[in-house]
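> From the sequence below, what's the structure:
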Amino acid sequence: MNQQTYPAFGILLVDDEPAWLKSLSLTLRSCAGLSNISTCQDSRQVMGLLDQGGIGLVLLDLTMPFLSGEELLKQIGELHPEVTAIVVSGLNQLETAVRCMKLGAFDYVIKTDEEERIVGGVLRAVRVLEMQRDYHEMSTRLASGELLHPEAFSAIVTADRGMLTAFSYVEAVAKSPQPLLVTGESGTGKELIAQAVHRLSGCRGKLVTVNVAGLDDTVFADTLFGHIRGAFTGAEQVRRGMVEEAADGTLFLDEIGDLSIASQVKLLRLLQEGEFFPMGSDLPKRLKARVVVATHQNLPEKERAGAFRRDLYYRLRTHQVHLPSLRERKRDIPLLLDYFLEEASRVLGKKKPTPPRGLAQYLTTYCFPGNVRELKAMIYDAVSVHRDRMLTMDTFIRAIERLQAECSVTGADTPHQNPFSGFEELPTFSDAATFLVQEAMERAGGNQTLAARLLGISQPALSKRLKMQKE
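As a prediction, the model looks like this:
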């Protein structure tokens, strides 16, 4: 989002009074951060300007020489129905207002109205247009199913349909000024998605990342908004906050679900009003960054429990993408194994080892609660200790068995349920054993050694059982 020309579409102010045009233009720039503004004093030129394209919103004075605002409103509705119009009148006339609304006006404002009323009406129209454009972009992009810029996601290794669908959505909303909420378990790649959004957005500024977990309200405000000199004891110098550091760029707030209620109120104001106050200052500053937030927590559940503000949640969910866990995209494990073996070898200065046959299949039998981050750490550890050309499988087996043991000790693992508890008729012992062996062999991809490990028996015992089933 280029903040110097915001919004992406033009706003045309039409009035035969140059003083009013100048005043309104300055007000919209200073109070609403709208800069993509042009003006016109001759109503006869309006349709020609609209024919050139690029204008999304028009503010029409009602009483003008040559063509009145009402006449222009009719022409715009007929020839440029995609353009939104707001009528500005010097008089508060109910009948005229009703006629204009019937002709398709988005709003009807009075020149003597409070500044907030006029600015608010314009901002509402801008947001509606942005949402319409976002919806059109998403519909077109998701219908095609193709990525225009796959290179933006090069840091994420996947062939999973769910991840690719998420990529298409992210690409479609990357240029939207509305916040993006990224959800998913820890280690699924939420920060990588924020990096992709930043690359796709066209923002000239930098990506600024802030992990807000554990920040109390004061530290949160100081980190994001900064402070002026003398704001508190020890504040001897002015400090720019991360919001200013991210100007014309992207502000990524990670672990947003951990914010206190007081900090949530500050974040809501930042997103809703587009402005913030440095600590100790009475002068607001405007938000000039795209905001991306992420959490591994269940925000609807926290909202129902009263731990997360409903208005903030609904403000954040304008654009929302969920990243699947690694156990939901197990077909990516062979790709990730090869990728991290290559990366770990390069980083550690070793020759890339050859993975043992069946390693990728064995890894798919583990649930990876830490997702891709956990798999990466496991592979790096294995590469760091390997000595021969062939990577040993024992390193992975020991790591997974240790992690599973830790889960059972801490109670982090899901307790095993009796799979037969709901059966009206129980299978025979022989049938149950047969089904269990078949399932283990299927999960192990036909590898008897892996299947035996899954069943907790020796490979010869499994081989004997398979032979008995064939006879």
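> Going by C-alpha atoms from here, please, whenever you check contacts or count neighbours.
Fine.
> longest helix of this structure?
Identified as the longest helix of the chain according to DSSP state H is helix 115-144.
> what comes up buried for it?
Buried positions in helix 115-144, judged by neighbour count with 16 or more other Cα atoms under 10 Å: 118-119, 122-123, 125-126, 129-131, 134, 137-138, 141-142.
> roughly how far out does that helix sit from the chain middle?
Chain-centre distance of helix 115-144: 18 Å, with Cα atoms, centre = their mean, to the nearest Å.
> got it, and stretch 38-46?
Distance of stretch 38-46 from its chain centroid, counting by Cα atoms, centre = their mean, is 40 Å.
> cool, and stretch 176-196?
With Cα atoms, centre = their mean, you get 4 Å for stretch 176-196.
> Ser38: how many residues sit nearby?
Ser38: 14 surrounding residues under other Cα atoms under 10 Å.
> mind checking how far the strand or helix carrying it is from the chain centre?
Element membership for Ser38 (DSSP states H and E) is strand 37-40. Centroid separation for strand 37-40 versus its chain: 34 Å, with Cα atoms, centre = their mean.
> Mind checking the pLDDT average for it?
Across strand 37-40, the average pLDDT comes to 95.
> Which elements pack onto it?
The contact analysis (3 or more Cα pairs under 8 Å, 6 or more residues apart in numbering; DSSP states H and E) places strand 37-40 against strand 10-14.
> Could you give the average pLDDT over the following helix or strand past the strand it packs on?
Using DSSP H and E, the helix or strand that follows strand 10-14 in sequence is helix 18-32. Mean per-residue pLDDT for helix 18-32: 92.
> Show me what helix 18-32 is packed against.
Packed against helix 18-32 by the contact rule (3+ Cα pairs under 8 Å, 6+ apart) you find strand 10-14, helix 115-144.
> Make sure I have this right: Ala294 is in a strand.
Yes. Ala294: assigned to a strand according to DSSP: H, G, I helix; E, B strand; the rest coil.
> Going forward, the N-terminal residue is numbered 54.
New numbering, starting at 54: the last item is Ala347.
> list the contacts for Pro377?
For Pro377, the contact set (Cα atoms under 8 Å, 6 or more residues apart in numbering) comprises 215-216, 237-238, 241.
> So it versus Leu268, what's the distance?
27 Å (Cα to Cα, to the nearest Å).
> One more: Ala274?
Using Cα to Cα, Ala274 is found at 9 Å from Leu268.
> who has more neighbours, those two?
Neighbours were counted for Ala274 and for Leu268 using other Cα under 10 Å; Ala274 has more, 22 against 15.
> Give me the contact list for stretch 489-509.
Contact partners of stretch 489-509, identified using Cα under 8 Å, 6+ apart, comprise 411, 414-415, 418, 511-512, 515-516, 519.
> low-confidence ranges in the stretch 354-503 of the chain?
458-470 (pLDDT under 70).
> mind running it again at 90?
The model of the stretch 354-503 of the chain has pLDDT under 90 over residues 370-371, 409-411, 414-415, 417-420, 438-503.
> show me where it has strands.
Under the criterion DSSP state E, counting those that start in this stretch, the stretch 354-503 of the chain contains strands at 372-375.
> on that earlier part again, can you give me how far the helix or strand following the strand holding Ser91 is from the chain middle?
Next helix or strand after strand 90-93 toward the C-terminus (DSSP H and E): helix 99-104. Relative to the chain's own centre, helix 99-104 is displaced by 37 Å; criterion: Cα atoms, centre = their mean.
> Dump helix 99-104 to CSV, keeping only the CA atoms.
Output of helix 99-104 as CSV, limited to C-alpha atoms (Å, rounded to 0.1, in the frame of the first residue of the first chain):
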residue,chain,number,x,y,z
VAL,A,99,-16.4,15.9,-14.7
MET,A,100,-17.6,13.2,-17.2
GLY,A,101,-14.5,13.6,-19.3
LEU,A,102,-12.3,13.1,-16.2
LEU,A,103,-14.3,10.0,-15.2
ASP,A,104,-13.9,8.6,-18.8
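> Helix or strand next in line after that helix, which one?
Downstream of helix 99-104 (by DSSP H and E), the next one is strand 108-114.
> Show me what that following strand is packed against.
The helices and strands touching strand 108-114, judged by 3+ Cα pairs under 8 Å, 6+ apart, are strand 63-67, strand 137-142, helix 168-197.
> mean pLDDT lowest for which of these?
Looking at the helices and strands packed on strand 108-114, the lowest mean pLDDT belongs to helix 168-197 (a mean of 83).
> Please state the backbone phi and psi of the closest residue to Ser96 other than its chain neighbours?
Once flanking residues are discounted, Ser96 sits nearest to Leu120: 5.6 Å by Cα to Cα, 6 or more residues apart in numbering. Main-chain torsions, Leu120, degrees, to the nearest 10: phi -120, psi 130.
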